[in-house]
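Trainee: Give the three-dimensional model of this entry:
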Amino acid sequence: MSRSRSVLMSAVEETSAEERARAAMEAMDAEEVSVGAKSTDATAMDLGGRPFPLSMVIGQEAIKQALLLSSVNYRMGGVVISGGKGTAKSVMARALHQLLPPIEVIKDNAFNIDPEGEFGIDDFTKTDIAKGGTPLAERETEVIPCPFVQVPLNVMEDRLIGSADLEESVKTGKTVFSPGLLAKAHRGVLYVDDINLLDEETANILLNVVNDGFVQVEREGISVKYPCKPLLIATFNPDEGELRDHLLDRIAVALSADAAPMDVDQRVEAVDAVLNFSPSGKQGSADAETALQEAIDNEDDLKTAIVFAREYIKDLKIAPSQIQYLCEEAIRAGCQGHRAEIFASEVARASAALEGRQITSEDLRLAVKLAIAPRGTFIQTPMDEDEMMPPPPPPPPPPQMDEQNEDQENEDQEDEEEEEQDEPDEDEEREDQPDVPDVPQEFMFDVDATPMDPDLIEFSSRERAGKGGGRGLIFSQDRGRYIKPMLPKGKVTRLAVDATLRASAPYQRSRRQRAIGTKNEERGVHIEQSDVRIKKMARKAGSLIIFVVDASGSMALNRMNAAKGAAMSLLTEAYQSRDQIALIPFQGEMADVLLPPTKSIAMAKKRLESMPCGGGSPLAHALQTAMLTGLNAQKTGDVGKVVVVCISDGRANVPLCTSMGEEFDPESDPDAKEGKPSRTFLKDEVLACAKQLGVLPGFNLLCIDTENKFISTGIAKEIANAAMGKYHQIAKADGNAIASVTNQALNEIKAG
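Mentor: Predicted structure coming up:
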């Protein structure tokens, strides 16, 4: 009885999903007939032609699959695509929009509200219903093409989330809200090109939308909340800037278009497809006409599949055993938090819904590859040649056993035939057994976070470029890009005219009435001090890398050469990232700024090669000089972070007073001998300078210990700890080794 009930319930669920999907398809057909020239294809033609079809894009199978899955399941959040120039990132985003079905919305509603209120309703509609207005289910609806909203790089906060409508507010005498881009993108596609170049404020707004699913506006006397559940497609070029990790982590799938380079044949095929493609009119060749027609037929099938999948996924559940498998894979991969397994569950549901079936092991394996592997902390190592070779074939049986084996095989076949006659049909047996969720028999990750599955090894071994820390910004009121208005503090330097007018717009009618009979009666716009807003400006902050190099006699000649080689490598890296560099060698009795902050690699190379060696080690004066150099650079307004790279063994033998031109006072050091400071005094003096450097805002210390670890005193590590900085011990005097560890530490410091 229980089995029949479960089968019946499953059939009812499938029938319900199919009926809803067919109803949606009928609505699509009716909309296309009624609108006619206003259909999505006609709209595309008005904009200059139809986009390049998704099925005609050569390669990028993982990205195309991820885009289709995200169009089925809005809970995935979207897809982030990284890649170099000309890798079809924008082409695939626009091509996916052509596959999305139209949506039904409440008529004359600016927020694309669903008639069933699936994603919530805006405050205006909610207030109208609460005051006795028409219920949501009884309101007139209309079917519109799926929205496609692109966020420009220079977008401001008021245009993104909405703000007061200046003209309407002046006319009505009260604040009138004008929706922004996010309101138009609800239930559609929100496309962000070069998301890594957006300012931090805009990126945080998008982050909150992806997380919360709604927009909360609190500005200019406005308090509005409205739903926003778009399909977010973001693209960026890692060479042009970095994308913050916490933004990547909040979107289900992040893939690279550079992960699978195309061979010559694929590149030729891609070029031929683009050259012969025409957005409107006749194609370039007969083969291109055939290819386009096939692509259009394929798009029609995909449109139908997406509509059915969106309805089917509403009743699709993932089994507890399948969730447990994904959680165990996330643990094995070393994923932090729970987003990996949550997004993996949504990917598996979308994959199964697109195929119109229950979740299988293949869906789970795809979810691990797309959502868990990119978030894992494993380190991919190349396989040994022995592991890559196929296993040897089994040895043949002994000759004397051949006849016995043949007789035994014949007997086994007879027994199997008898058993098959007695056993019931497999289909009947499956009907008698309860449904068991399909789970992969083997894990894709080993217990030590090492990928074991061959497909996963190939997928995860590709370079995932573009992950890293955010870019630093300097905020001011004098120069930079206008990002948002703010209330003034003190003297007004840059007036935000737009925000000031919006703040004063609701009060113009009442102020005009009060001004009758006064000297301000003829004034066109009445502005008061409470309306004034100023501009908040932002510009990209560069970093200053100060190399403090020990050129004293305490360093062996080979270590000095290694330090020079590492410094040159780091200088080149700093130049490529557009950071400024400075060079402060210390030897003799004082430290000198051999190279002031600059971007000239040629000058740095020339001066570093002529750097003298020998003499004392005034380390304390070198750290103090680095602090003064960094502070002066920060005052210019073009430098945010200062990274001091100290390449030394940590031993100092020249006190700070001697470097400043003063004589050493033996009374200041109880352990002084023959008028010279003790090692403890010199060490405490250096640690005091390091502590002072560590508390300066924007300063970081990276200490490269060049002292032989067998005779190490540990002073360099104490200096790094005192400055709350990074420490590295170099066991081998090699410039490449020093540069390698320093590059890694520099990236961590700059990303922090």
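
Trainee: Now His338. Nearest residue, chain neighbours left out?
Mentor: Ala330 (8.0 Å; C-beta to C-beta, 6 or more residues apart in numbering). Using the backbone N, CA and C atoms, a C-beta is placed for each residue, glycine as well.

Trainee: I meant to write Pro596 there.
Mentor: Ala582 (6.1 Å).

Trainee: Leu248 too?
Mentor: Ala254 (5.0 Å).

Trainee: which helices and strands sit right next to the stretch of helix or strand the one you found belongs to?
Mentor: Element membership of Ala254, judged by DSSP states H and E, is strand 253-256. Here strand 253-256 is seen to pack against helix 61-72, strand 78-82 when contacts are counted using 3 or more C-beta pairs under 8 Å, 6 or more residues apart in numbering; DSSP states H and E.

Trainee: Point out the most buried one among these.
Mentor: strand 78-82 (a mean of 26; mean count of other C-beta atoms under 10 Å).

Trainee: Which other helices and strands does the helix or strand following that strand contact?
Mentor: Sequence order places helix 89-97 as the next helix or strand after strand 78-82, per DSSP H and E. The contact analysis (3+ C-beta pairs under 8 Å, 6+ apart) places helix 89-97 against helix 61-72, strand 78-82, strand 189-193, strand 231-236.

Trainee: In the following helix or strand past the third one, which of the residues would be classed as buried?
Mentor: In this case it means strand 189-193. Next helix or strand after strand 189-193 toward the C-terminus (DSSP H and E): helix 200-212. Residues of helix 200-212 classed as buried by neighbour count (16 or more other C-beta atoms under 10 Å): Glu201, Thr202, Ala203, Ile205, Leu206, Leu207, Asn208, Val209, Val210.

Trainee: The first one against Ile483, yeah?
Mentor: Yes: with contacts counted by C-beta atoms under 8 Å, Glu201 reaches Ile483, the gap being 5.9 Å.

Trainee: Identify the contacts common to these two.
Mentor: Common contacts of Glu201 and Ile483 (C-beta atoms under 8 Å, 6 or more residues apart in numbering): Glu157.

Trainee: right, and the helices and strands packed on helix 89-97 - which one's nearest Ala319?
Mentor: helix 61-72 (19.3 Å; C-beta to C-beta).

Trainee: Let me know the angle separating the closest one from helix 89-97.
Mentor: Counting by axes from the mean of the first three to the mean of the last three C-alpha atoms, to 10 degrees, helix 61-72 points 40 degrees away from the direction of helix 89-97.

Trainee: Any chance you could list what contacts helix 61-72?
Mentor: 54, 57, 76-79, 81, 92-93, 96, 99-100, 231, 233, 252-253, 255, 257, 259-260, 302, 306, 309-310, 313, 347, 350-351, 353-354, 366, 370, 459.

Trainee: could you check the angle strand 189-193 makes with that helix?
Mentor: Going by the same axes, to 10 degrees, helix 61-72 makes 140 degrees with strand 189-193.

Trainee: Spit out the contact partners of Leu701.
Mentor: Counted by C-beta under 8 Å, 6+ apart, Leu701 has contacts Val643, Val644, Cys646, Ala690, Leu693, Gly694, Ile719, Ala720, Ala723, Met724, Gly725, Lys726.

Trainee: For the residue nearest the centre of the chain, what are phi and psi?
Mentor: Closest residue to the average C-alpha location of the chain: Leu248 at 2.8 Å, with C-alpha atoms, centre = their mean. Reported as degrees, to the nearest 10, the phi and psi values for Leu248 are phi -60, psi -40.

Trainee: That one contacts Val80, correct?
Mentor: Yes: contact status for Leu248 versus Val80: in contact at 6.1 Å, counting by C-beta under 8 Å.

Trainee: Between the two, which contacts overlap?
Mentor: Ala254.

Trainee: related to what we said a few turns ago, make CSV out of the buried residues of helix 200-212 and add pLDDT and distance to Thr625.
Mentor: Formatted as CSV, those follow (pLDDT from 0 to 100; distance: C-beta to C-beta, whole Å):
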residue, pLDDT, distance to Thr625
Glu201, 80, 37
Thr202, 84, 39
Ala203, 82, 37
Ile205, 85, 43
Leu206, 84, 43
Leu207, 80, 41
Asn208, 82, 44
Val209, 83, 48
Val210, 78, 46
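
Trainee: Which residue ranges of the stretch 601-750 of the chain form strands?
Mentor: Along the stretch 601-750 of the chain, the segments classed as strands by DSSP state E, counting those that start in this stretch run 639-648, 699-705, 726-729.

Trainee: Would you reformat those as JSON lines and include mean pLDDT?
Mentor: Listed next are the strands of the stretch 601-750 of the chain as JSON lines, based on pLDDT from 0 to 100:
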{"stretch": "strand 639-648", "mean pLDDT": "83"}
{"stretch": "strand 699-705", "mean pLDDT": "85"}
{"stretch": "strand 726-729", "mean pLDDT": "80"}
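
Trainee: Dump these to TSV, plus distance to Ile546.
Mentor: Formatted as TSV, the strands of the stretch 601-750 of the chain follow (distance: least, C-beta to C-beta, whole Å):
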stretch	distance to Ile546
strand 639-648	5
strand 699-705	10
strand 726-729	14
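
Trainee: in the stretch 151-300 of the chain, what spans have low per-residue confidence?
Mentor: Applying pLDDT under 70 to the stretch 151-300 of the chain flags the ranges 241-242.

Trainee: related to what we said a few turns ago, the host helix or strand of the residue nearest to Pro596 vs strand 639-648, what angle?
Mentor: Using DSSP H and E, Ala582 falls within strand 580-587. With the same axes, to 10 degrees applied, the angle from strand 580-587 to strand 639-648 works out at 30 degrees.

Trainee: I'd like to know which elements strand 580-587 is packed against.
Mentor: Partner elements for strand 580-587 (3+ C-beta pairs under 8 Å, 6+ apart): strand 542-550, helix 557-576, strand 595-598, helix 601-609, helix 619-635.

Trainee: try 10 Å
Mentor: On a contact count with 3 or more C-beta pairs under 10 Å, 6 or more residues apart in numbering; DSSP states H and E, strand 580-587 meets strand 542-550, helix 557-576, strand 595-598, helix 601-609, helix 619-635, strand 639-648.

Trainee: The residue nearest to Leu248: neighbouring residues, count only.
Mentor: By other C-beta atoms under 10 Å, 23 other residues sit near Ala254.

Trainee: List the beta-bridge partners for it.
Mentor: Val80 (DSSP bridges).

Trainee: Tell me how far it lies from Phe236.
Mentor: Note on Ala254: its distance to Phe236, by C-beta to C-beta, to the nearest Å, is 10 Å.

Trainee: shared neighbours of the two, which are they?
Mentor: Val80, Ile81, Ser82, Leu243, Gly466 (C-beta atoms under 10 Å, 6 or more residues apart in numbering).

Trainee: Next, give me the two most distant ones among those residues.
Mentor: Ile81 and Leu243 (11.1 Å).

Trainee: what's the overlap in contacts for the two?
Mentor: By C-beta under 10 Å, 6+ apart, the residues touching both Ile81 and Leu243 are Ile195, Ala234, Phe236, Ala254, Gly466.

Trainee: how much space is there between Ala373 and Lys282?
Mentor: From Ala373 to Lys282 the distance is 45 Å (C-beta to C-beta).

Trainee: and these two? which has more neighbours close in?
Mentor: A count of neighbours by other C-beta under 10 Å puts Ala373 above the other of Ala373 and Lys282, at 25 against 8.

Trainee: wait, doesn't the more buried one sit right on Ala340?
Mentor: Yes: with contacts counted by C-beta atoms under 10 Å, Ala373 reaches Ala340, the gap being 9.0 Å.

Trainee: shared neighbours, these two?
Mentor: With C-beta under 10 Å, 6+ apart, Ala373 and Ala340 have common neighbours Glu329, Ala333, Ala367.

Trainee: between these, which is closest to Phe547?
Mentor: Ala333 (38.1 Å).

Trainee: Let me know whether my guess that Lys536 is in a strand holds.
Mentor: Yes: using DSSP: H, G, I helix; E, B strand; the rest coil, the secondary structure at Lys536 is a strand.
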